[in-house]
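[1] sequence and predicted structure, then a few things I'm wondering about:
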Amino acid sequence: MLSSEAKRALRKQLRAFSEKIRLSGYDHREEARRVFSQLQPDGPIRALTPVSYTHEDVLSLAQQADVDPTLSPLYAVDGGSTRIRRLEDGTTLCAYQAVLASDPDTRLQGLPLEAYRSLALVSHAHRLDIGGAHFEMLKERFVHLRRVHLTRHDLDRDVESVIGGLARVGAEAYHALRMLDLLEPEQGLWLLDGPLYPVVLYYYFAGGPAVRTWSWADWEPAVQILSEPLRLVEQCAERKVPLLALNKTPGGAWLLEFAVPSPERSWASDAQFLKAVLSETPRDALGYTNWFVQEEYALPPERESFDLFEHLRERFALRLPPAAYHVCFFFVYDPRVQAVLKVEAPRAIVEVHTPERLQRKVLGEIARGKGVPPAIRRADSRARITEEESAGLLRDCGLEIDWLYNQSRYSEL
């Protein structure tokens, strides 16, 4: 706890800081709206529809969710994990579970969709005496489990980022493809929880000397796993199935980097910027922007910007032109949860189903829920792996967790 003297010292500094901001006359929300009105989406990010933002009443949007019957039911894929765990023998591992739910409820062979589960258990060990990299798929009627293991010869840094990314994609993208094949839907909309692509992992395939030396990216099972979000886009485009992704925690700053002049970038992320832009949205409404499309990305450092999917074309055997995979997106602000969401869709899907039609549907579903559509909330509740379950699984492993102090003091050892 803060002592009385510490509180007085902090309050004095915070009041002085607040007074300095007040005297400057700076209103970050008004400034954000001014900057948005002067966006320059004429480079790597372009405006797919006229640059604008607005808000609409939640009740009105919710009533429109079912206006287009061909976009029903809503199928939602979500996942839950054990979180990334480090064990005392030098192993890092993560288990991920993916579930599909629908709204209205859909049955498959007389069973609820949640009966079908896809899991990925991904690990990395510094020890070499337990074998090298390996991959296997175990299939039962309802549960499909992928077992993936890497060693220090395959991956020598950013272990947690790669292990967590492979686990998530290995469960969620696989499950979406699996259920798409089982259901063979003639109508409806598919919604992924999270970003459309694992862009950070795709950077490993985009060139640059530092990237090319990391041998895990040359391992075919890893390429197979990371190709599945691209295969999902291709199958949905071929079947004309609308596919969207709802990123509840967008952390990038692509719009700020590519469409806002450097002196005007006063925000840490696009979500923070858009929250300021849409801050006047009434509590019983949703605020949202127009659609944009990202055609290029920054990095690797030797390039100013580049078409990521052009660089993935050969390694991932893309079946569509690179532009078909470009991410189209718009932002939504829901005052009920005080959060900005990023809705993403592949360009191939948006061109077939039109941005306005897709936007009305997903806004209606968000309005019906609170922050996320009901189908996403249902899938999330079914996919979640509790801390107790996680601890039990690790006990079965027979190895002790390598606790950090801040982890151990908030957990039951």
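    That came in fine, so what should we check first? Residues are numbered from 1 along each chain as shown.
[2] now do the same for residue 67: its pLDDT.
    As summarised for this prediction, residue 67 has a pLDDT of 82.
[3] that one touches residue 360, doesn't it?
    Yes: A contact is recorded between residue 67 and residue 360 when judged using CB atoms under 8 Å, the distance being 7.4 Å. In this view, the C-beta of every residue, glycine as well, is placed from N, C-alpha and C.
[4] which one's more surrounded, these two?
    Set side by side, residue 67 and residue 360 give different neighbour counts by other CB atoms under 10 Å, the larger being at residue 360 (18 against 12).
[5] for residue 249, see how far away that one is.
    Computed with CB to CB, to the nearest Å, the distance linking residue 360 and residue 249 is 24 Å.
[6] so is residue 77 in a helix, a strand, or just coil?
    Three-state secondary structure (criterion: DSSP: H, G, I helix; E, B strand; the rest coil) places residue 77 in strand.
[7] residues near the closest residue to it other than its chain neighbours, how many?
    The spatially closest residue to residue 77, leaving aside those adjacent along the chain, is residue 176, at 4.8 Å (CB to CB, 6 or more residues apart in numbering). Close neighbours of residue 176, defined as other CB under 10 Å, add up to 26.
[8] in the one helix or strand residue 176 maps to, what counts as buried?
    Here residue 176 sits within helix 159-183, counting by DSSP states H and E. Buried residues in helix 159-183, defined by neighbour count with 16 or more other CB atoms under 10 Å: 159, 162-180, 183.
[9] what about residue 256, distance to residue 235?
    In terms of CB to CB, residue 256 sits 33 Å off from residue 235.
[10] got it, and residue 250?
    If you go by CB to CB, the gap between residue 250 and residue 235 works out to 25 Å.
[11] ok, residue 51 - how many residues close by?
    Using other CB under 10 Å, residue 51 has 17 neighbouring residues.
[12] residue 250 and residue 235: which is more packed in?
    Each of residue 250 and residue 235 has its neighbours counted (other CB under 10 Å); residue 250 has more, 24 against 16.
[13] quick one: strands adjacent to the strand ranked longest in the chain?
    With DSSP state E setting the assignment, residue counts place strand 91-103 as the longest strand in the chain. Partner strands and pairing direction for strand 91-103 (DSSP bridges) are strand 74-81 (antiparallel), strand 85-86 (antiparallel), strand 117-125 (antiparallel).
[14] state the mean pLDDT of that strand.
    Here the mean pLDDT over strand 91-103 is 95, rounded to a whole number.
[15] got the angle between it and helix 159-183?
    Compare the direction of strand 91-103 with that of helix 159-183 by axes from the mean of the first three to the mean of the last three CA atoms, to 10 degrees and you get 30 degrees.
[16] list the buried residues for strand 91-103?
    For strand 91-103, a neighbour-count test (16+ other CB under 10 Å) marks 91-103 as buried.
[17] tell me which helix or strand comes right after that strand.
    strand 107-108.
[18] surely the residue nearest to residue 77 is in contact with residue 232?
    Yes: proximity of residue 176 to residue 232 meets the contact threshold set by CB under 8 Å, at 5.4 Å.
[19] against residue 308, how distant is residue 298?
    As for residue 298, its distance to residue 308 is 10 Å (criterion: CB to CB).
[20] repeat for residue 118
    26 Å.
[21] okay, these two: which has more neighbours?
    Set residue 118 next to residue 308 and count neighbours by other CB under 10 Å: residue 118 wins out with 28 against 22.
[22] who's the more buried one bridged to?
    Bridge pairing for residue 118 (DSSP bridges) gives the partners residue 98, residue 144.
[23] closest one of the buried residues of strand 91-103 to residue 51?
    Of all those, the one sitting nearest residue 51 is residue 103; the distance, using CB to CB, is 32.1 Å.
[24] surely the closest one meets residue 376?
    No: here residue 103 lies out of contact with residue 376, judged by CB under 8 Å, at a distance of 9.1 Å.
[25] show me what the helix holding residue 176 is packed against.
    In terms of contacts (3 or more CB pairs under 8 Å, 6 or more residues apart in numbering; DSSP states H and E), helix 159-183 is packed against strand 74-81, strand 91-103, strand 107-108, strand 117-125, strand 143-151, strand 189-193, helix 199-202, helix 220-239.
[26] so which of the ones you listed is nearest residue 294?
    Nearest to residue 294, of all these, is helix 199-202, at 9.6 Å by CB to CB.
[27] tell me where the stretch 251-400 of the chain is predicted with low confidence.
    Across the stretch 251-400 of the chain, residues meeting the criterion (pLDDT under 70) sit at 300-303.
[28] residue boundaries of the helices in it?
    Under the criterion DSSP state H, counting those that start in this stretch, the stretch 251-400 of the chain contains helices at 254-259, 270-277, 308-312, 347-353, 355-368, 374-383, 387-397.
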